[in-house]
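Chemist: Using only what follows, build the 3D model:
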Amino acid sequence: MTNEATDVRSNANDQIAHAAKMIGSSEPRRKVFEEINRGKKRPKTVDEIAEKTGLDRIRVYQEARRLYNNRIVNQKKINGKIVYEKDDFYHQHKKKILRMAGNKVAMDKYPTKYNPRTPAVVVNLKIPQKKIDVKQLSIGDIDSFQKVKEIDPIPDVKYIPILEEVFKKGLQKVLGEQGTFKDWGGETDDLLSTRFLLGGKRRTVAFALKGRGKKGILTPGKMGKQGDQIQRLFRAPADVFILQYCGQIGESVLEQMQNLAIAKSYLYEKRVYYGIIDGQDTARIIQAYPECFE
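Modeler: The predicted structure is shown next:
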């Protein structure tokens with residue numbers, strides 16, 4: 001004879017979740033489970049369960065059999081009749097099981113071995129101000145784009161829906177960068193160049209470019225399949241990090257770039273520059289260097 005035991009110490013949550021999933025949104029199965037676990041009387045015949053639940057005998061037998069096959073209730077024979085009785089473990093947790101049964105939100109939040117849920121931990125890290133050296137750039141600060149200063153910003157300028165690859169090739173011509181830069185899913189940047197002029201010096205710059213494939217205001221969630229393109233940009237071995245988009249760039253993007261610049265400056269103990277080129281500045285670059293964006 002095989003004795004079955006419920007290991008309530010090692011996998012209680014998994015068993016509770018299994019029972020809730022098994023009962024699901026089936027109202028007949030729920031009624032049968034409730035009736036078997038109701039009151040002090042342990043063994044109950046199919047006829048007794050049917051009378052209390054209002055279900056026919058066949059349906060009671062089907063649902064009780066499913067519960068037994070999943071080891072949620074017990075089954076035995078008394079005087080030649082099949083009877084069902086409560087399992088002590090599931091009887092103890094019946095309210096929790098019934099509360100989660102058919103409730104996807106509750107099931108998703110319930111921690112199990114295969115669906116661990118841990119509370120979010122917020123760590124506030126205070127970095128001494130003297131350890132931080134970052135500077136936000138505008139397009140007018142960049143020597144490589146000095147011709148842009150001749151193009152006045154036009155508040156109501158229409159955004160130019162330029163292809164990312166076209167803008168990248170034009171940008172390479174502006175910088176005098178002849179390297180080859182192919183896109184792939186895990187790249188840190190779209191263009192990395194050591195020919196970027198800033199403050200009269202050559203510096204290494206990493207660009208993230210977003211073309212006309214994106215619509216509306218650019219937010220971090222629209223950048224990369226995992227929304228992590230800005231983080232990947234700041235992994236590049238560069239001193240300057242610039243994001244370009246042919247439309248409006250959301251404030252959350254700039255905020256994230258600032259935070260990553262601070263972290264990089266503190267970690268590497270150096271000055272880090274960052275900035276954005278939105279649709280208006282993209283249009284100014286194209287107007288200032290028409291020969292590069294034919």
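Chemist: Could you point out the helix or strand that follows the one helix or strand Tyr90 maps to?
Modeler: Assessed by DSSP states H and E, Tyr90 sits inside helix 88-92. Using DSSP H and E, the helix or strand that follows helix 88-92 in sequence is helix 94-100.
Chemist: now Asp278: how far from Gly179?
Modeler: 26 Å (Cβ to Cβ, to the nearest Å). Yep, even glycine has a C-beta here, placed from its N, CA and C like the rest.
Chemist: Sorry, wrong one. I was asking about Tyr61.
Modeler: Counting by Cβ to Cβ, the gap from Tyr61 to Gly179 is 74 Å.
Chemist: Neighbour count: those two, which is higher?
Modeler: Set Tyr61 next to Gly179 and count neighbours by other Cβ atoms under 10 Å: Tyr61 wins out with 17 against 11.
Chemist: From what I see, that one and Thr45 are in contact.
Modeler: No. Using Cβ atoms under 8 Å, Tyr61 and Thr45 do not qualify as a contacting pair, with a distance of 10.3 Å.
Chemist: Mutual contacts of these two, please.
Modeler: The contact sets of Tyr61 and Thr45 overlap at Ile82 (Cβ atoms under 8 Å, 6 or more residues apart in numbering).
Chemist: pretty sure Gly275 belongs to a strand, no?
Modeler: Yes. When classified by DSSP: H, G, I helix; E, B strand; the rest coil, Gly275 is found to be part of a strand.
Chemist: Give the burial count for it, as a bare number.
Modeler: Gly275: 20 neighbours (other Cβ under 10 Å).
Chemist: Distance-wise, check the closest residue to Ala101 other than its chain neighbours relative to Val134.
Modeler: Leaving aside its chain neighbours, Ala101 sits nearest to Ile23 (4.1 Å; criterion: Cβ to Cβ, 6 or more residues apart in numbering). Distance, Ile23 to Val134, using Cβ to Cβ: 56 Å.
Chemist: returning to that earlier point: give the other helices and strands that the helix holding Tyr90 contacts.
Modeler: In terms of contacts (3 or more Cβ pairs under 8 Å, 6 or more residues apart in numbering; DSSP states H and E), helix 88-92 is packed against helix 12-23.
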